[in-house]
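**Q** Got a predicted model here, sequence first, then my questions.
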Amino acid sequence: MPADKVPDTPVEVLVDLLTKAKEIAAASGNVPEELTSHVQKALDIATGLDDYLENMSTQESEHLAELYKKTVAHDWDQVHKEGKTKFRLPKECITGHVEGQTLKMLVHMSQAKRVLEIGMFTGYGALSMAEALPDDGCLIACELEPYLKEFAQPIFDKSPHGKKIIVKTGSAMDTLKELATADEQFDMIFIDADKNNYINYYKLILDNNLLRLRGVMCVDNSLFKAKVYLKDTTDSNGLALREFNQFVCTDPRVEQVIIPVRDGISVIRRVSAAAECLRTQSKITDDEVFRGVQGRPILDRMRLDGKVAYVTGAGQGIGRAFAHALGEAGAKVAVVDLDQVKAEAVAKELFLKGINSISITADISKSEDVQRMIATIVSKWGAIHIACNNAGINMNSASEDTSLEEWDQTFNVNLRGTFMCCQAAGRVMLKQGYGKIINTASMASLIVPHPQKQLSYNTSKAGVVKLTQTLGTEWIDRGVRVNCISPGIVDTPLIHSESLRPLVQRWLSDIPAGRLAQVTDLQAAVVYLASDASDYMTGHNLVIEGGQSLW
Ligand SMILES: C[S@@+](CC[C@H](N)C(=O)[O-])C[C@H]1O[C@@H](n2cnc3c(N)ncnc32)[C@H](O)[C@@H]1O
C-alpha cells in the first residue's frame, strides 16, 4: 500500500497498524526478536493477500483496464472545484478488478438477465457485470452525478457489452421509486452508493418486489473498514452499515453472508415465498401450485439434470438440435447416427459445452445395431430415461411408380426401426419404472403435403403416430410415457438447392407462419416431453408446423 494512501478495507487497516507497530518496535530497540518476527509475519500475510487475489483472478478485459486507468488518472478534486460534480469523489470509490470479477461471477452464477446497480461511479462494476450478461441482458445503473455518465459512456460505447447498460442520472431513490411504479424486476441488484441510505434502498427493493424471487442482492462496503464490528466506532457510515447488517441478518425474507473481499460484499438472496407467507401470516393455499411441485418452479421442472438420453439421427438437422437441447437441459446424451463422423462431431460439440456425451454408430433398421446401442448406453450410464427416436428417411415418387424397394426401405427405417428402438428402450424403462420416449413423426401424418409425392414417407409417419398412441397407452401405468413430435417443413441446406427452390415458394404460401420451421423451433418441445412437467401426457402427437396443417 502506498504510504500516502488512506486504508480503505479491513486488510488495509491491518497493514497500516502492523506497519506502525513494526516501526515502533524498530525504534524502541529492546523488543524481543520473536515479537518482531511475529509482527513481520502478520504483515507479510496481510500485505500479500490483496495482491495475491488480484494476481489469481482472471485478467480484466481491455475496456475495464482502460476504464480503471482513466479513473485513477483523473483529477477528481479539480473536477469538483470546477463545479462539475456535486460531491468530491475519491478515485478509491472504484470497485476494481477483484470486486468486479466477483460481481461478474455472481451474474454468471445467478444467470441474471436484468441487473440494477445503485451507485455507478465511473462504471467499472457496471461494465464488469454487463460482460457477464447475455446479449439481450440489461443493466440499469443509477448515478447521482451526470458528469460520471459522460465520463463512462465513451468506454461503454467501445465495449461490445456497453450497449446493455442504461445509466439513469439523479437520486437513486427517485429512480428506484420510478422502477417500482413501473413494476420492474431484477435478477441481481448491487447497492454501492450513499451508505446511510442503504437500509432505505434495501427496504424499498424488498417491499416492492424489485428483486425477483430467487434473485440476488449484493451490497458493497458491508465491513466498512472493520468499523461495523469495532466497539469504539463513531463514524456515521460505519454505524449505518452496522445497523444495516444487523437488520438484514434478522430479516426473515432473506438469507445473507458477508464475503470479506476488499471492504466486504454482502450476498443476500430472497428465501421462499412460503417463508414470506408464514412471516406475514398471509392467507394462502399452501399447495404444489403455490410452492411448485417438489418445491421447484415451472422452468426448473423442465430441467433434465442426471437424466440419460439418446437421440438417433443426431448427426445433423433436427436430431442434432434435440441432442443439444436435451444436453443443455442437463441430460447426458448418446449421439446416435449411421454416419460415425457426424455422430462424433456432434458428441464433441456437446462435450465442448460441458455436456457429458458419447457417440454411437448404429443403423436403426438393424436389430443387432439397436440392441448394441441400448446395451452400450446402459453399460456406460446404467439407465436410459429419455429415448429420442428421430432417425428417418424420405424418398419421393408418384404412387403409381413407388417401388416395393422404396416402400420397404422407408418402412424399415421410419416405422420398423422406430418400433425396434421403442421396444428395446422400453424394456429398460419398464424395468426402471420410468421413461420418456419421444418419436419424431411428421406433419405428413396429418395432411398430405404437396406438391411432392411421398406415399411411403407419409404412410410410415402415420404409422409412427399410431405406434406412439398404442405404446403410450400400454406403458403409462408402468411409468413409461410415449409421445411424438410432428414437425412441419424444416429449413435445411438441402431445401435451398436450385431444384427445390420453386417448391419452397409453394410451401411458403401454405404456411400461416409465413416461414419454414427452424430446427431450433422444435427444441423446447423435446425438452418438455422429456421432462417430468409432461408426465400426464402420453400417446400425444405434438404438431409444430407454423399452422400449415390447419390451412
Ligand atoms: C462507491 S461509488 C460506486 C462505485 C461503483 N459501483 C463502481 O463499480 O466503481 C458510489 C457512487 O454512488 C453515487 N451516489 C451517491 N449517492 C447517490 C444517490 N443518492 N443516488 C445516486 N447515486 C449516488 C456517487 O456519486 C458515486 O459515484
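**A** In hand now; what should we look at?

**Q** And the strands in the stretch 101-250 of the chain?
**A** Per DSSP state E, counting those that start in this stretch, the stretch 101-250 of the chain has strands spanning 114-118, 138-143, 165-169, 186-191, 211-220. These are given in chain order.

**Q** And for the chain?
**A** Ranges of strands in the chain, per DSSP state E, are 114-118, 138-143, 165-169, 186-191, 211-220, 254-259, 265-270, 308-312, 332-337, 357-361, 386-389, 435-440, 480-487, 541-544.

**Q** Adding mean neighbour count and distance to Leu179 as columns, could you present those in JSON lines?
**A** All C-beta atoms are positioned from the backbone trio N, CA, C, and that covers glycine. What follows is the strands of the chain, written out as JSON lines (neighbours: other CB atoms under 10 Å; distance: least, CB to CB, whole Å):
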{"stretch": "strand 114-118", "mean neighbour count": "27", "distance to Leu179": "7"}
{"stretch": "strand 138-143", "mean neighbour count": "24", "distance to Leu179": "7"}
{"stretch": "strand 165-169", "mean neighbour count": "18", "distance to Leu179": "9"}
{"stretch": "strand 186-191", "mean neighbour count": "25", "distance to Leu179": "8"}
{"stretch": "strand 211-220", "mean neighbour count": "21", "distance to Leu179": "11"}
{"stretch": "strand 254-259", "mean neighbour count": "15", "distance to Leu179": "19"}
{"stretch": "strand 265-270", "mean neighbour count": "21", "distance to Leu179": "17"}
{"stretch": "strand 308-312", "mean neighbour count": "29", "distance to Leu179": "41"}
{"stretch": "strand 332-337", "mean neighbour count": "30", "distance to Leu179": "41"}
{"stretch": "strand 357-361", "mean neighbour count": "21", "distance to Leu179": "43"}
{"stretch": "strand 386-389", "mean neighbour count": "30", "distance to Leu179": "41"}
{"stretch": "strand 435-440", "mean neighbour count": "27", "distance to Leu179": "42"}
{"stretch": "strand 480-487", "mean neighbour count": "25", "distance to Leu179": "41"}
{"stretch": "strand 541-544", "mean neighbour count": "19", "distance to Leu179": "37"}
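
**Q** Of the ones you listed, which is nearest the ligand?
**A** Relative to the ligand, the nearest member of the strands of the chain by CB to the nearest ligand atom is strand 138-143, separated by 5.0 Å.

**Q** Put together CSV for the strands of the stretch 101-250 of the chain, with mean pLDDT on each row.
**A** Below are those laid out as CSV (pLDDT from 0 to 100):
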stretch, mean pLDDT
strand 114-118, 98
strand 138-143, 98
strand 165-169, 98
strand 186-191, 98
strand 211-220, 94
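
**Q** could I get these as JSON lines with distance to the ligand?
**A** Below are these laid out as JSON lines (distance: least, CB to the nearest ligand atom, whole Å):
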{"stretch": "strand 114-118", "distance to the ligand": "6"}
{"stretch": "strand 138-143", "distance to the ligand": "5"}
{"stretch": "strand 165-169", "distance to the ligand": "8"}
{"stretch": "strand 186-191", "distance to the ligand": "7"}
{"stretch": "strand 211-220", "distance to the ligand": "7"}
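
**Q** Trp507 is nearest to which of the ones you listed?
**A** Of all the strands of the stretch 101-250 of the chain, strand 138-143 sits nearest to Trp507, with 37.7 Å by CB to CB.

**Q** what does the closest one contact?
**A** Judged by CB atoms under 8 Å, 6 or more residues apart in numbering, the contacts made with strand 138-143 from elsewhere in the structure are 113-121, 123, 126, 129-130, 133, 149, 164-170, 172, 175-176, 179, 186, 193.

**Q** Near the ligand, which residues of this protein? Just list them.
**A** Of all the residues in the chain, those in contact range of the ligand (CB under 6 Å from any ligand atom) are 89, 93-95, 119-121, 124-125, 142-145, 148, 171-172, 192-194.

**Q** In contact with the closest residue to Asp251 other than its chain neighbours, which residues are there?
**A** By the measure of CB to CB, 6 or more residues apart in numbering, the closest residue to Asp251 outside its immediate chain neighbours is Leu206, 7.8 Å from it. Residues in contact with Leu206, defined by CB under 8 Å, 6+ apart, are 251, 253-254, 270.

**Q** For this structure, name the helix or strand with the lowest mean pLDDT.
**A** Every helix and strand of the chain was ranked by mean pLDDT, DSSP states H and E. The lowest is helix 273-280, at a mean of 66.

**Q** Geometric centre of this structure: which residue is closest?
**A** In the chain, the centroid-proximal residue (CA atoms, centre = their mean) is Gln111; its distance is 4.0 Å.
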